[in-house]
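> below: sequence and its predicted model.
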Amino acid sequence: MKSAEGRGRTLDEAVDAALIELQESRRHVDVKILSETPEETVVEVTVIDQTAPSMGVAPAPANGKAELAKNLVEGLLKHMGVRAQVSVRAGADPITLDISGRDLGGLIGWRGETLRALQSVTNVMVGKHLAEGERVIVDVERYRQRREHTVREIAMRAARQVKMTGDAITLDAMQPFERRAIHLALEGDPDVTSSSIGEEPERRVVVGPRKSGGE
Amino acid sequence: MESNGGSTSRRAAAERIRRAIALINAVADEAGDEEITPTEIAEAIRDCLELSEVDRAPNVRRYLGEALDAVSDGMPADFVAMTLYAALGALREGA
């Protein structure tokens, strides 16, 4: 099994340093802290045998399109001078590429704008290999996944408040994928409904009480 | 040194480009909360072209024009978005 030693000011930095050396993603490694002081953390990162059944996570399918997209994004990042690790998210549909590494805030950009641009370029470049309607999602440090999770929580909180007060709530302006996550989170709720108002990029979701059919 | 008016109009141009991008992303993400037509996207791009600021930075008008052509030709949403991101980048570089 491959392993590497990583050093950094924090645990995250030390792990990232080792991951870059190993060209691996966090999900495929085991981390052992060798020493930890206020100044420096040293870790040993070992790649886990992905065929082992104990992982509980299905390995990424042998998907030629996903590999193609992964190679392409790796190439783009190299040209951009970004040191990062690209992996195909296991079992994800649509194809999802996870980029991980150190200091990738610039790759996410203002409200995820740079990440979004990278995703558009990726889809244009691999487009001819994809079926109609098929897309590749690019995520940096699980930013997109975290945002979806956050907005779903916001939606649930708003729904609870609407049920208590009976008044509609207008949420902050959000990106389309975030609004979609809210609509999906609330679509099964019999007491509240969600709709969007306003124009892009200031379009907002309104969560309000669901009116009965007779009204 | 640039006047405040210059930076304000550049910001306005960037906002218009972002609006067009957001419309396209809504289509690509299937946000499911609005029916967005190619005509609306084309209008949003034309709104960008109306601003004189797009001529003050190289290539911004060119990229916007290409994006408009891409919408007319029924090119995929990602292609249009990529071209608009290029326009946004050119606008920033011209700052």
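Structure received. If you're wondering where the values come from, they're calculated on a predicted model, not measured in any experiment.

> read off the pLDDT value for residue A:174.
pLDDT, residue A:174: 88.

> same deal with residue A:169?
95.

> that one: what's it in contact with?
A:158, A:161-162, A:206-208 (Cβ atoms under 8 Å, 6 or more residues apart in numbering or on different chains). C-beta: built from backbone N, CA, C; applies to glycine.

> farthest-apart pair in those residues, please.
A:161 and A:206 (12.7 Å; Cβ to Cβ).

> quick one: buried ones out of the contacts of residue A:169?
A:158, A:162, A:206-208 (16 or more other Cβ atoms under 10 Å in any protein chain shown).

> need those residues in a markdown table with distance to residue A:110 and pLDDT, can you?
Below are the buried ones among the contacts of residue A:169 laid out as a markdown table (distance: Cβ to Cβ, whole Å; pLDDT from 0 to 100):
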| residue | distance to residue A:110 | pLDDT |
| --- | --- | --- |
| A:158 | 25 | 94 |
| A:162 | 31 | 95 |
| A:206 | 25 | 95 |
| A:207 | 26 | 95 |
| A:208 | 30 | 95 |
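
> what about those residues, which are in strands?
Judged by DSSP state E, the buried ones among the contacts of residue A:169 include A:206-208 as members of strands.

> chain B: which of those is nearest?
Minimum distance to chain B across these is 10.1 Å, recorded for residue A:206 (Cβ to the nearest Cβ).

> how close does the nearest residue to that closest one once chain neighbours are set aside sit to residue B:75?
In space, and not counting its chain neighbours, residue A:206 is closest to residue A:170: 5.0 Å by Cβ to Cβ, 6 or more residues apart in numbering or on different chains. Distance, residue A:170 to residue B:75, using Cβ to Cβ, to the nearest Å: 34 Å.

> higher neighbour count, these two?
residue B:75 (17 against 13; other Cβ atoms under 10 Å in any protein chain shown).

> thinking again about what came up before, does the residue nearest to residue A:206 belong to a helix, a strand or coil?
Recorded secondary structure, residue A:170: strand (DSSP: H, G, I helix; E, B strand; the rest coil).

> pretty sure it sits against residue A:197.
Yes: counting by Cβ atoms under 8 Å, residue A:170 does reach residue A:197; the two are 7.2 Å apart.

> mind listing the shared neighbours of these two?
In contact with both residue A:170 and residue A:197: A:204, A:206, using Cβ under 8 Å, 6+ apart.

> biggest helix in chain A by residues?
Ordering each helix of chain A by length in residues (DSSP state H) puts helix A:143-165 first.

> over to chain B?
Chain B, longest helix under DSSP H: helix B:4-28.

> what about residue A:140, distance to chain B?
Going from residue A:140 to chain B by Cβ to the nearest Cβ, to the nearest Å gives 16 Å.

> contacts only, for that residue.
A:98-100, A:104, A:107-108, A:115.

> could you dump these into JSON lines and include distance to residue A:22, pLDDT and secondary structure?
JSON lines is the format used below for those (distance: Cβ to Cβ, whole Å; pLDDT from 0 to 100; DSSP: H, G, I helix; E, B strand; the rest coil):
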{"residue": "A:98", "distance to residue A:22": "15", "pLDDT": "94", "secondary structure": "strand"}
{"residue": "A:99", "distance to residue A:22": "16", "pLDDT": "95", "secondary structure": "strand"}
{"residue": "A:100", "distance to residue A:22": "12", "pLDDT": "93", "secondary structure": "strand"}
{"residue": "A:104", "distance to residue A:22": "17", "pLDDT": "91", "secondary structure": "coil"}
{"residue": "A:107", "distance to residue A:22": "20", "pLDDT": "93", "secondary structure": "helix"}
{"residue": "A:108", "distance to residue A:22": "23", "pLDDT": "92", "secondary structure": "helix"}
{"residue": "A:115", "distance to residue A:22": "24", "pLDDT": "93", "secondary structure": "helix"}
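
> chain B next: which of the residues you listed are close?
When contact is defined as Cβ under 8 Å from any Cβ of the partner chain, the contacts of residue A:140 do not meet chain B at all.
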